[in-house]
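A.B. asks: Got a predicted model here, sequence first, then my questions.
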Amino acid sequence: MQYQTSLTRGQPDDEAVKLLQYYEHMAIEYDPRGYCVSTSEGKDSRVVGHLMRRAGVRHYYLHNITGIDPPELIYFQRRNFRAYEDAGHLTYDVMYDKSMWTLMLERGVPPMRQMRYCCLSLKERYVPEQGRAIMAMGVRKSESAGRAKKRDELEIVANGRKGKNIIMPWDDDENRRTFEACQKFAERRVNPIAYWTTADVWAYSEDVHLEQCQLYQEGFRRLGCIGCPNASRREREMQFARWPKFREAYLRALQRMIAARTDKGLPLYPHHRSAEDWFAWWIEDRTQETADEDQIALEGW
Ligand code: SF4
């Protein structure tokens, strides 16, 4: 395995272990439970958990229940959490405040790539279980252009979402000093596999015999919320074919949105007049091309 970005670094897994060991004292200072591994138990966060255990650093696990994760991933996560508990780690399952269906009804529009309001609520909201812990995540720069630009190994999150997050690779002393000393910001994160490619994740899992969710063997490349607007059309079609009950749940939510829109006397585009039409529009790639224009009209909720 080799980093794509720096020739001066060693093996990525050794570097990740060093990073975690380097900041362990700080993680314990922030929270006596140590790092908080935010995990869905998808392949990336599963690798982060393994690196934590291998590094021998203090940490615990936090899982956000979204209500729209694949059932197989949920069973896998529950089994893993029991194993982590048996190994002496704390684990937390945190229930959502509002379901995806409630969020859709409140917003009057399904989540779209340009408008991922659900992430803020289902995955990224602050929960008391995380305390002041340094969060450890399986974010990787190679996953998207946005992540390549906006994420890095060390992150200091702007208070109250005002201002910009500070992001830095951890490979120089000044970055480390900034990460340790900055007082203005709310949350610190480490992303030990920020520079890993997908191939690195699979090579590592194989090398250390780390079991991954069976759904990857069925052709799913990324696991996460069923119907996520970040997934490609092909992936979403695969998801809805595999878990048709979720398709029905989205259709019911769209039907409720149409009824609410009609009650309020708000306009409906031709492609939004039935739940099926709206659903087809939503999972088409065209949704992403036209979302900006349509969104303007849809935002009048
Ligand atoms: S559906 Fe996608 S955008 Fe929404 S919470 Fe899940 S991962 Fe985030």
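C.D. replies: In hand now; what should we look at? For clarity, every value in this text was computed on a predicted model and none was experimentally measured.
A.B. asks: Could you use CA atoms for every contact and neighbour count after this?
C.D. replies: OK.
A.B. asks: What residues does the stretch 201-301 of the chain have near the ligand?
C.D. replies: Taking Cα under 6 Å from any ligand atom as the criterion, the neighbours of the ligand within the stretch 201-301 of the chain are 225, 228-230.
A.B. asks: 5 Å instead?
C.D. replies: 225, 228 (Cα under 5 Å from any ligand atom).
A.B. asks: where in the stretch 201-301 of the chain is pLDDT low?
C.D. replies: The stretch 201-301 of the chain contains residues with pLDDT under 70 at 285-301.
A.B. asks: Name the residue of it that lies nearest to the ligand.
C.D. replies: The stretch 201-301 of the chain approaches the ligand most closely through Cys228 (3.6 Å), counting by Cα to the nearest ligand atom.
A.B. asks: Please report the distance of that residue from Tyr204.
C.D. replies: 27 Å (Cα to Cα, to the nearest Å).
A.B. asks: what's the answer for Val47, then?
C.D. replies: Look at Val47 and Tyr204: by Cα to Cα, they are 8 Å apart.
A.B. asks: thinking again about what came up before, which residues sit in contact with the residue of the stretch 201-301 of the chain closest to the ligand?
C.D. replies: 111, 236 (Cα atoms under 8 Å, 6 or more residues apart in numbering).
A.B. asks: for it, phi and psi?
C.D. replies: phi -50, psi 130 (degrees, to the nearest 10).
A.B. asks: what do you get for Asn191?
C.D. replies: phi -120, psi 80.
A.B. asks: what does Tyr35 give?
C.D. replies: With angles defined as degrees, to the nearest 10, Tyr35 sits at phi -60, psi 150.
A.B. asks: dump the residue contacts of it.
C.D. replies: Tyr35 touches 24, 27-28, 58-60, 133-136, counting by Cα under 8 Å, 6+ apart.
A.B. asks: switch to 10 Å and redo it
C.D. replies: 20, 23-28, 52, 57-61, 130, 132-136, 189-190 (Cα atoms under 10 Å, 6 or more residues apart in numbering).
A.B. asks: Give me the subset of those that lies in helices.
C.D. replies: The helices, defined by DSSP state H, take in 20, 24-28, 52 from the contacts of Tyr35.
A.B. asks: Dump these to a markdown table, plus pLDDT, neighbour count and distance to the ligand.
C.D. replies: As requested, the ones in helices among the contacts of Tyr35 are exported to a markdown table (pLDDT from 0 to 100; neighbours: other Cα atoms under 10 Å; distance: Cα to the nearest ligand atom, whole Å):
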| residue | pLDDT | neighbour count | distance to the ligand |
| --- | --- | --- | --- |
| Leu20 | 98 | 24 | 26 |
| Glu24 | 98 | 20 | 29 |
| His25 | 96 | 16 | 31 |
| Met26 | 96 | 16 | 29 |
| Ala27 | 97 | 25 | 26 |
| Ile28 | 97 | 18 | 29 |
| Met52 | 98 | 22 | 24 |
